[in-house]
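Give me a 3D structure for the following:
(2 chains, ligands or ions: 2)
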Amino acid sequence: MKPRIVKPSPLESLGQSAATALEEVVALLSFVGESAVALGQCIAHPSRMRWRPLLYNIGSAGVGALPIVGLLSFLLGIVVAYQGSGQLRQYGANIFVADLVGISMLREFAPLITAIIIAGRSGSAYAAQIGTMAVTEEIDAMRTLGIAPLDVLVLPKILALLIVLPLLTVFADVCGVFGGMIMARAQLGVGFEEFIDRFTKVVSVTTYLLGIGKAPVFAAIIAVVGCFQGFRTKGGADSVGRQTTRSVVQSSFLVIVADAMFSIAFSALDL
Amino acid sequence: MAITTTMPEDVAVIEISKLSTRFGEHIVHTGLDLDVRRGEIFAVIGGSGSGKSTLLREIILLHRPNAGSIRVLGVDLQDIDDAAALALRLRWGVMFQHGGLFGSLTVLENIGLPLREHRTLDNAAVDALAAQKLALTGLAPEVGAQYPSELSGGMMKRASLARALVLEPELLFLDEPTAGLDPESAGEVDQLVRKLRDGGGLTIVMITHDLDLLWQLADRVAVLGDGKVAGIGSMAELAQMDTPAIRKFFDGPRGRAAQEQGQQKPAVPQSELIGSPSWKPK
Ligand SMILES: Nc1ncnc2c1ncn2[C@@H]1O[C@H](COP(=O)(O)OP(=O)(O)OP(=O)(O)O)[C@@H](O)[C@H]1O
Ligand SMILES: [Mg+2]
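Residues are numbered from 1 along each chain as shown, chains lettered A, B, ... in the order given. Ligands and ions are numbered 1, 2, ... in the order given. This is a model prediction of the structure:
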């Protein structure tokens, strides 16, 4: 019998990719459910908690990310202030640069840039780590040794990011606003004191909290998608790379979608 | 065919009946029946893709069959709950084809991990037991401090075996214990399996293509073909059968050479092995 390789018709490939995507969504949802149950059990019985991996993950995802998060949000603050300065100067509204930088950084840019950096940095690492373990039969070995992979590999990562991402967002807030201040002084002649003065008047605590409040949601998305894609690794080493890429693309995508939904929700709630 | 229900005193540790497995359209097992007796070395052979690894994964609760029943150590794997599954998992050990050692732990930590997880022992006791298993598998004590990535293939398999043995299992599964090893290391693994068997009591189920291992160690061998057990019996019995699925293991130069060698120095006679009362259930 000669094997025939039939190229599927466009309609057929469309249907196939739709079915694959649907299957992935269902699998992701069931993974979310499993993780939530495991998380609930862990909270009910804290003795089940794996402290060592939790602390390790806090260190690697949090402390390790400080330089890059700080630098990028600082640069973002500079860019925002610079872009605004041309417009503001025309109207002589130089001092409003504090409003611009403060509100846009705290509400939108700092949480978003932090989440995207962490998706690229930690989400991909999660997918690669779990994917490699799947390929080398470590996950199977773990199950056979009576150790639940969710407890050891997933929960510590989710919890670590839930703790770390809001903190990193605060750090990004600070660095971003500082970048804006430097640009405001250089381009608009708004001194640090003046800037801070205006900043404390116009930027409310709500703005700050709304920004920070998004971080745990982003954290959950990044950790869950990274781990999920890792567990979906099948076959050889090339599959690890593929799943890692997918994890970054999907978590960045979902983070931005979630951010858009937050904007809609906040505007509906007049926040 | 040498059907294996002749000895009523044999207790089956694994009973598989009417097992069916599919991956999408692809049928792997259709109505497969198999029994493994207590205390024997049982080997599963079959062509590539005949479903050996899948069968093993089903027996060790890593994959659910589509239909049929599997009983291991008297427990039905269908609808098993988490607690029962955990209890059962601690009664068997598995040596994975690629070792399945955790890359983030040293060899000694790997071996001690099941003890740390499931027994309340202090660190010194865990390390002592782990070191003992390390020595049993013929690894030098200094290997304990190394990481799995620093080991050769043969050492990795030994370390994996040491970890599989650390909870003193009743049942040991070996997936391709000698695949990918040079003849010398393969011979050493061979010796190791022999040593375990002579230690008594342990039932060993292995998947292998290694004809030496089959001729010299396996008490019974099941040949998988077309989703079923195409033949079962000792190698000498299988060599007499003329089902095509079985013949291809014995015909051809490699098959014949191993056969000649195997018949020159036969393994310990079966009667001696099965009769040995050295093992008692805990
Ligand atoms: N997770 C899976 N998804 C889809 N198909 C699978 C999966 N696992 C195994 N298969 C298919 O099932 C069949 C049996 O696979 P299995 O790994 O059990 O074979 P095997 O007998 O162990 O072969 P080998 O000697 O090459 O290891 C193969 O055709 C394989 O393609
Ligand atoms: Mg296989």
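
Tell me the gap between the biggest helix by length in chain B and the middle of its chain.
Counting residues, the longest helix in chain B under DSSP state H turns out to be helix B:183-199. Its chain's average C-alpha position is 13 Å from that of helix B:183-199, according to CA atoms, centre = their mean, to the nearest Å.

Can you point out the buried residues in that helix?
B:185-186, B:188-190, B:192-194, B:196-197 (16 or more other CB atoms under 10 Å in any protein chain shown). Bear in mind the C-beta positions are built from the backbone N, C-alpha and C, glycine included.

So which residues of the stretch 151-282 of chain B form strands?
B:171-175, B:203-207, B:220-225, B:228-233 (DSSP state E, counting those that start in this stretch).

mind giving me TSV with these and columns for mean pLDDT?
Listed next are the strands of the stretch 151-282 of chain B as TSV, based on pLDDT from 0 to 100:
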stretch	mean pLDDT
strand B:171-175	92
strand B:203-207	93
strand B:220-225	91
strand B:228-233	89
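
Indicate which one of those is closest to chain A.
strand B:171-175 (8.7 Å; CB to the nearest CB).

May I have the strands that pair with the closest one, each with its orientation?
When pairing is defined by DSSP bridges, strand B:171-175 lines up against strand B:92-95 (parallel), strand B:203-207 (parallel).

which element follows the first one toward the C-terminus?
Secondary structure here is assigned by DSSP states H and E; on that basis, the next helix or strand after strand B:92-95 toward the C-terminus is helix B:107-118.

That following helix and chain A in contact?
Yes. Judged by CB under 8 Å from any CB of the partner chain, helix B:107-118 comes into contact with chain A at B:113-114, B:117-118.

Tell me the one of these nearest A:L269?
B:E117 (47.1 Å; CB to CB).

In CSV: the strands of the stretch 151-282 of chain B, plus mean neighbour count.
Below are the strands of the stretch 151-282 of chain B laid out as CSV (neighbours: other CB atoms under 10 Å in any protein chain shown):
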stretch, mean neighbour count
strand B:171-175, 24
strand B:203-207, 24
strand B:220-225, 23
strand B:228-233, 21
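
Pick out the residue in the stretch 151-271 of chain A sitting closest to chain B.
A:V152 (9.7 Å).

and that residue, how many neighbours does it have?
If you count neighbours by other CB atoms under 10 Å in any protein chain shown, A:V152 ends up with 17.

list the contacts for it?
A:V152 is in contact with A:50, A:53, A:142, counting by CB atoms under 8 Å, 6 or more residues apart in numbering or on different chains.

Chain A contacts on chain B?
Contact residues (CB under 8 Å from any CB) of chain B with chain A: B:57, B:60-62, B:86, B:89-90, B:92, B:94, B:96-103, B:113-114, B:117-118, B:163.

in the chain, what spans have low per-residue confidence?
No chain in the question, so chain A it is. For chain A, the stretches flagged by pLDDT under 70 are A:1-4.

Sorry, I should have been clearer: chain B.
Checking chain B against pLDDT under 70 turns up B:1-10, B:252-258, B:260-282.

Now the closest residue to chain A within it: closest residue in space that isn't a chain neighbour?
Chain A sits closest to B:G100 of chain B, with a gap of 3.2 Å, by CB to the nearest CB. Nearest residue to B:G100 in three dimensions, chain neighbours excluded: A:A141, at 3.2 Å (CB to CB, 6 or more residues apart in numbering or on different chains).

List phi and psi for that neighbour.
Phi and psi for A:A141, reported as degrees, to the nearest 10, are phi -60, psi -40.
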